[in-house]
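1. Pasted the sequence and its predicted model underneath.
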Amino acid sequence: SYKRNFILRSGRVQRPENDYDTVSEGQAYAMLFSVFMNDKKTFDQIYRWTEEHLSRNKRNGDLLLAWCWKNGNVEDWMPASDADCDYAFALLLASYKWREKAYSEKALRVINDIMKFETVCRNGNRLFLLPGMWGDEENEFEAEVCVDILIFYDKNDKVQIYKSINSRNTDISHPPGRVY
C-alpha cells in the first residue's frame, strides 16, 4: 500500500526513485490522503514531521515549506506554491473533518504567506500565482502555474476553493471555476 511503501513511522514521505528524498508536495499529498482515509494518527505524524523538517518559519519567518529534504537536511529551502496550496488545503480539510480549530488557524496563516510571497500583481492589478518565490519583477513577467487548487477566505471567512486551469498567467483574482 501507499502508506506502507512511502510513509515512514516518523511521518516522512520518501521517494525511493529519487534516492529516498522527501519533497513538500509529497508531504502535502500524504496529508490529504490521510484526511480522505480518516486516518488522523497518520495525518498528525506527517504534519509533525513536515513542521519539524520543512518549515521555513525559523529560517525565513514565513510558513511556507522548503521544497526538498535529503540525507537528513533541507537540500532546497525554496518553496513550491503547489505544495503550499495542497498543504493549506489538507489543514483546512483536517480542521473540518476532526473539528480542530488549530488546523484551520494554521491554514489561514499559510494562505496569507502564499498570497504575500507566491503571488504577483500584473496586468491591471490582476493577481497571479507564482510557481514559488521567483520571477522577474522588472522585465515582462510570465507565471507558470502548476497547481491543482487555489484556496481563499472570502470576507465572511468562508473557504473558497477553486480549480486551477494549469496554464501560463493564470489570473487568480478572477478564479476560473468554483469547486467547493
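-> Received the coordinates, thanks.
2. Which residue is the nearest non-sequential neighbour of residue 110?
-> residue 88 (4.3 Å; C-beta to C-beta, 6 or more residues apart in numbering). C-beta: built from backbone N, CA, C; applies to glycine.
3. how about the helices in the protein?
-> 2-6, 24-36, 40-54, 57-60, 81-98, 101-117 (DSSP state H).
4. Compute the inter-axis angle for the fifth one and helix 40-54.
-> Relative orientation of helix 81-98 with respect to helix 40-54: 150 degrees, computed using axes from the mean of the first three to the mean of the last three C-alpha atoms, to 10 degrees.
5. Let the chain start at 12 from now.
-> Yes, from this point I'll number from 12; that puts the last item at helix 92-109.
6. Let's check: the centremost residue of the protein is which one?
-> What sits nearest the mean C-alpha location of the chain, by C-alpha atoms, centre = their mean, is residue 95, with 1.6 Å.
7. close enough to count as contact, it and residue 118?
-> No: Residue 95 is beyond contact range of residue 118, at 10.6 Å (criterion: C-beta atoms under 8 Å).
8. list the contacts for residue 26?
-> By C-beta atoms under 8 Å, 6 or more residues apart in numbering, the contact set of residue 26 is 17, 32, 33, 34, 37.
9. Out of those, who's the most crowded?
-> Highest neighbour count within those, by other C-beta atoms under 10 Å: residue 33, with 25 neighbours.
10. Dig out what it forms beta bridges with.
-> Residue 33 has the following beta-bridge partners by DSSP bridges: residue 80.
11. does it really touch residue 24, like I thought?
-> Yes: contact criterion C-beta under 8 Å: residue 33 and residue 24 qualify, at 5.9 Å.
12. Understood, closing this out.
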